[in-house]
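# no sequence for this one, just the structure:
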């Protein structure tokens, strides 16, 4: 009788299972439990040096943002921390403090600097603070000769089509104003030489007019009457005027603009009057940048004079090409390459 192959396979499978169950059992492999290695913290490092800018809360937002950006970028480039405070006290003088830039008013910078000898302090236009020890100073620029010369140059350049009919309005008897007017005249001559006119001009009394003209406000004049002197410029046929800063009230400068006269000055009035060309101010941000390497190096007792810069330029009056010429003259004046001609 023939046996089917399938019937033979089944007994063989059963026999192999029985033999396997009778053999020795495998030793189980123990589970490895990982050992926790304690984390060792790195040793503490010295605190990152700190830079503080002290700016009053009431400061003009545009100016405040400019100074904050300037000092922040310098601090970041040096790898320092940066903070802005509205005031500064002895409690803020932590050991890591490296540089302090202080804008007016004075928080007591001399005493604070003495309490933090590891830091360099930079006082910006703070009256009564002198450079000494770890106190450095950015001074205020008082250059009526330079400002007058540049404004005379700009005024002549803008009024070429108006026969260079330019002038100044100044406080009577002020020596700085007199210096500014003399320089204003020289700036005009520097631009146009003899400044030839196409017409002759006369005042309301029939007197021949030569330029630049000057209008003086008496020292005892009431401020509320200043705007009336803008009319005198009109009577003198002045097309553009430099208003000396000590008498440049918003009402006066606005009255000059209402008369159709272009104006220019040291500081832009608020609100800005019509026909205001530009202002010329010390560039404190550049002075801070110039002082920075010395502050980082720990050199104290230094004075830094800020350069001047044209600001609030009206491109419809002082066009970009003319502004470029004016800025080149300013650069040359600051470098001493132009003789203002006052024998100073």
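Perfect, I can see it now. All figures in this text were calculated on a predicted structure; none of them were measured in a lab.
# ok, residue 241 to residue 190 distance?
Counting by C-beta to C-beta, to the nearest Å, the gap from residue 241 to residue 190 is 18 Å. Every C-beta, even on glycine, is put in place using the N, C-alpha and C of the backbone.
# got it, and residue 256?
Distance of residue 256 to residue 190, given as C-beta to C-beta: 24 Å.
# these two: who's more crowded?
residue 256 (29 against 19; other C-beta atoms under 10 Å).
# my guess is the more buried one meets residue 277, correct?
No - in this structure residue 256 lies outside contact range of residue 277 using C-beta atoms under 8 Å: 11.6 Å.
# now do the shared contacts for these two.
residue 263 (C-beta atoms under 8 Å, 6 or more residues apart in numbering).
# once you drop chain neighbours, what's closest to the residue most central in space within the chain?
Centroid check for the chain by C-alpha atoms, centre = their mean gives residue 285 as the closest residue, at 3.7 Å. Spatial nearest neighbour of residue 285, excluding adjacent residues (C-beta to C-beta, 6 or more residues apart in numbering): residue 70 at 4.5 Å.
# got the contact list for the one you found?
Contacts of residue 70 by C-beta under 8 Å, 6+ apart are 285, 288, 289.
# quick check, nearest of those to residue 119?
Relative to residue 119, the closest of those is residue 288; by C-beta to C-beta it sits at 15.6 Å.
# now that closest one: how far from residue 301?
For residue 288, the distance to residue 301 equals 17 Å [C-beta to C-beta].
# and these two? Which one has more around it.
When residue 288 and residue 301 are compared for neighbours, residue 288 comes out ahead with 21 against 14, by other C-beta under 10 Å.
# for that one, list the residues it contacts.
Residue 288 touches 67, 70, 71, 74, 101, 122, 124, 138, counting by C-beta under 8 Å, 6+ apart.
# hmm, 7 Å instead?
Contact partners of residue 288, counting by C-beta atoms under 7 Å, 6 or more residues apart in numbering, are 70, 71, 101, 122.
# report the two of those residues separated the most.
Counting by C-beta to C-beta, the most remote pair of those is 70 and 122, 11.7 Å apart.
# and residue 51, which of the three is it?
Secondary structure for residue 51, judged by DSSP: H, G, I helix; E, B strand; the rest coil, is strand.
# ok, it - how many residues close by?
Applying other C-beta under 10 Å, we find 25 residues neighbouring residue 51.
# that one contacts residue 99, correct?
Yes - here residue 51 reaches residue 99: they are 4.6 Å apart, a contact under C-beta atoms under 7 Å.
# wait, residue 235 sits on residue 201?
No - judged on C-beta under 7 Å, residue 235 makes no contact with residue 201 at a distance of 10.9 Å.
# flag every buried residue along stretch 75-82.
Across stretch 75-82, burial judged by 16 or more other C-beta atoms under 10 Å covers 75, 80, 82.
# so what's the first one up against?
Residue 75 is in contact with 51, 82, counting by C-beta under 7 Å, 6+ apart.
# list the pairing partners of the helix or strand harbouring residue 100 within its sheet, with orientation.
Per DSSP states H and E, residue 100 falls inside strand 97-102. Strand pairing for strand 97-102, determined by DSSP bridges: strand 50-54 (parallel), strand 120-124 (parallel).
# adding mean pLDDT, write these out as JSON lines.
Compiled in JSON lines, the strands paired with strand 97-102 are given as follows (pLDDT from 0 to 100):
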{"stretch": "strand 50-54", "mean pLDDT": "97"}
{"stretch": "strand 120-124", "mean pLDDT": "97"}
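# pick the most buried one from the ones you listed.
Each of the strands paired with strand 97-102 was scored by mean neighbour count; the highest is strand 120-124, a mean of 26, by mean count of other C-beta atoms under 10 Å.
# contacts for the following helix or strand past that one?
For strand 120-124, the succeeding helix or strand toward the C-terminus, using DSSP H and E, is strand 135-138. For strand 135-138, the external contacting residues (C-beta under 7 Å, 6+ apart) are 109-110, 113, 120-125, 129-131, 284, 287, 291, 295, 300-304, 306.
# go again using 6 Å as the cut-off
113, 121, 122, 123, 124, 129, 131, 287, 300, 302, 303, 304 (C-beta atoms under 6 Å, 6 or more residues apart in numbering).
# quick check: domain ranges of the chain?
50-138+286-304, 144-275+317-334 (automatic domain parsing).
# the last one: end-to-end distance?
Taking C-alpha to C-alpha, to the nearest Å, the span from the opening residue of domain 144-275+317-334 to its closing residue is 13 Å.
# this completes my enquiry, with thanks.
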